[in-house]
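Student: 3D model of this:
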Amino acid sequence: MSVQQALIASASSTDPYAAFRVTIANLNINLSDPKRIWTAHGDAAVSGDWLNLDGAGDYIDTPQSTDFDFGSGSFSVEAFVQISGAPAGPVPIMAKWQTGLLSWYLGLNASRQAVMFARIAGGNYFPPATTATVALNTPTHVAMYRIGNNFYLAVGGVVQNVLSQAGSIDVTSQPVAIGAQPDGSNNFAGLIRGARVTKGSTGGYGATNFTPPSFPLPTS
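Tutor: Just a heads-up that it's a prediction; the model follows:
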């Protein structure tokens, strides 16, 4: 039995992957997260279980932690998003990526497609954007995750694109941000909830399509 299997087998939890979750930000009124503290910037606020971001300086962040340094192992970054219009350009859903400090990034582009970036051993890797678009005014689950040397992008549980690349994701010192890059640039306009990061496992996601999780996400 592997270490991962042993942890799952011994867990008395509603989430069999709880040991691997490093943030579960359901983003209720006080931005509570059982794993860490998130700080609001600009007019970022929670309404009806959604983090409301107007695209003008609004985002939240949490300090740098080794929990967000994925190395060459499995991980997943995911969230539910809802938008009323296409972004002006690539905007982060969740990112540890800014000029001079590049690590990883999950976001949307101007065509409402999901995008993923990774900085691996000093090189930047950008798989093609998803074919599927995020529908307007519709809660949609978006995820990036890694299994072995394959990075996957999924929209609504449908696996879209795969980037095959060996190596460790670069470690950087900046915070992790939701709704902007960690320096506050390239702001997301819309709603975000159920932001979750898993390290050392994908949390059950594989190479084929899956059923997105139900909100609120289990926190233990």
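Student: the helices in this structure, which residues?
Tutor: Along the chain, the stretches classed as helices by DSSP state H are 3-10.
Student: low-confidence regions, it specifically.
Tutor: 1-12 (pLDDT under 70).
Student: and residue 208, how many residues sit next to it?
Tutor: Other residues near residue 208 number 10, with proximity taken as other Cβ atoms under 10 Å. (Each C-beta comes from the backbone N, C-alpha and C, glycine too.)
Student: does it really touch residue 159, like I thought?
Tutor: Yes. Counting by Cβ atoms under 8 Å, residue 208 does reach residue 159; the two are 6.4 Å apart.
Student: what's across from residue 83 in the sheet?
Tutor: Taking DSSP bridges as the rule, residue 83 bridges to residue 136.
Student: number the residues from 629 up from this point.
Tutor: Fine by me, first position is 629 from now on; the one you just mentioned is residue 711.
Student: which residues does it contact?
Tutor: Under the criterion of Cβ atoms under 8 Å, 6 or more residues apart in numbering, the contact list for residue 711 reads 736, 740, 762, 764, 765, 817, 818, 819.
Student: could you turn the buried ones of the residues you listed into a ChimeraX selection?
Tutor: Per 16 or more other Cβ atoms under 10 Å, the buried members of those correspond to this ChimeraX selection:
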select :736,740,762,817,818,819
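Student: residues touching the most centrally placed residue in the chain, list them.
Tutor: Centroid-nearest residue in the chain, with Cα atoms, centre = their mean: residue 705, separated by 3.2 Å. Residues in contact with residue 705 (Cβ under 8 Å, 6+ apart) are 722, 732, 734, 771, 772, 773, 824, 825.
Student: tell me how many other residues crowd residue 653.
Tutor: 26.
Student: do the same with residue 730
Tutor: By other Cβ under 10 Å, neighbour count at residue 730 equals 21.
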